[in-house]
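>>> Sequence below, structure please.
(one chain, ligands or ions: 1)
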Amino acid sequence: MAVVLGPNRYGKAETRVVRVTRDGEVHHLKDCNVGVSLSGAMEEVHRRGDNAAVLPTDSQKNTVYAFAKKHGIGEIEEFALLLARHFVGSQPTIHHARVAVEEYGWERRGPHSFARSGGEVRTCVVHHDRDGATTVVSGLRDLVLLNSTGSEFHGFAKDEYTTLPPATDRVLATAVTARWRHLLPAGEESRDYAESYRQARRCLLDAFAGTYSLSLQQTLFAMGERVLRERPEICEVRLELPNKHHFLVDLAPFGLDNDNEVYFAADRPYGLIEGTVLHDDATPAGAAWD
Ligand SMILES: O=c1[nH]c(=O)c2[nH]c(=O)[nH]c2[nH]1
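The predicted model follows:
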């Protein structure tokens, strides 16, 4: 039996970079977390500890900071593409780069004062291969949404352990993780990622608010479908929707009724609804979701 090296990658995780752009008195802020993962001719380092092919993760971290200075940080997808192309293009031993960027939002409070925006985070993952294959997945996480009515859940399967009562009017709440894959004809990786993000996010919000929900699964599909129908540049959407349960509090001991007004917001356990919605003729995803 031979023992062989399987898939592997290495890189610098979580390089936190804050870029201030000074425009006189007025400053602009980009606050990001960058993860770099490289792969390629790494047989020798794993088998013999020969590091000749290994660009240190320390250099990768330095590149993130140097590029933030030299190029600024525009849309996170563009910054990730720049880094991924650089690593593959400048190191013959690096055949593939995965660059993931998270962006934390800051709300302007003055010419050079900012308040960190809520918990929501914008995300992207870019893959770039030396044969030219490039994929871009954009997304967001921790977008917390709630409908205080317009949600039911009944008619479900039952077994001997089922105690859940049918619900005809419940709170539906979730913290959305959504990622969407861009349709990228070769050589056309550039696009208005800011507008694409704004519109995809709006589609998710509109579909959540506008769907009368018989299950979170139905809402999930409606959210993905809305993005695909309105945004031709996107061919696949993946969603993770925790069902943030809100239980009605029993106020009868206090002689009070509770007509869907007072809830206990539980944090765990929670249902976790996950799904992919895509064009039936979507191009193959390649490394996009790795
Ligand atoms: O929208 C829902 N989907 C489920 O699959 C489920 N399961 C459950 O207990 N409550 C819910 N709600």
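>>> I'd like to check which residues are in contact with the closest residue to residue 147 other than its chain neighbours.
What sits nearest to residue 147 in space, not counting adjacent residues and going by CB to CB, 6 or more residues apart in numbering, is residue 172, at 4.6 Å. All C-beta atoms are positioned from the backbone trio N, CA, C, and that covers glycine. Counting by CB atoms under 8 Å, 6 or more residues apart in numbering, residue 172 touches 146-147, 150-151, 213, 216, 219, 243.
>>> For burial, what's the neighbour tally of residue 195?
Close neighbours of residue 195, defined as other CB atoms under 10 Å, add up to 12.
>>> Buried ones in the helix or strand hosting it, by neighbour count?
Per DSSP states H and E, residue 195 falls inside helix 193-210. For helix 193-210, a neighbour-count test (16 or more other CB atoms under 10 Å) marks 193, 196-197, 199-201, 203-204, 207-208 as buried.
>>> The closest residue to the ligand within the stretch 51-200 of the chain: neighbour count?
Per CB to the nearest ligand atom, residue 153 is where the stretch 51-200 of the chain lies closest to the ligand, at 4.3 Å. Counted with other CB under 10 Å, residues neighbouring residue 153 total 20.
>>> Who does it form a beta bridge with?
residue 167 (DSSP bridges).
>>> hang on, the earlier thing: ChimeraX command to pick out the buried ones of the contacts of residue 172?
Buried subset of the contacts of residue 172, written as a ChimeraX selection, criterion 16+ other CB under 10 Å:
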select :147,151,213,216,219,243
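>>> can you tell me which two in the contacts of residue 172 are farthest apart?
Longest distance between any two of the contacts of residue 172 is 15.2 Å, between 150 and 243; criterion CB to CB.
>>> Adding distance to the ligand and pLDDT, write the buried residues of helix 193-210 out as a markdown table.
Output for the buried residues of helix 193-210, formatted as a markdown table (distance: CB to the nearest ligand atom, whole Å; pLDDT from 0 to 100):
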| residue | distance to the ligand | pLDDT |
| --- | --- | --- |
| 193 | 32 | 98 |
| 196 | 29 | 98 |
| 197 | 27 | 98 |
| 199 | 27 | 98 |
| 200 | 23 | 98 |
| 201 | 22 | 98 |
| 203 | 20 | 98 |
| 204 | 17 | 99 |
| 207 | 15 | 99 |
| 208 | 13 | 98 |
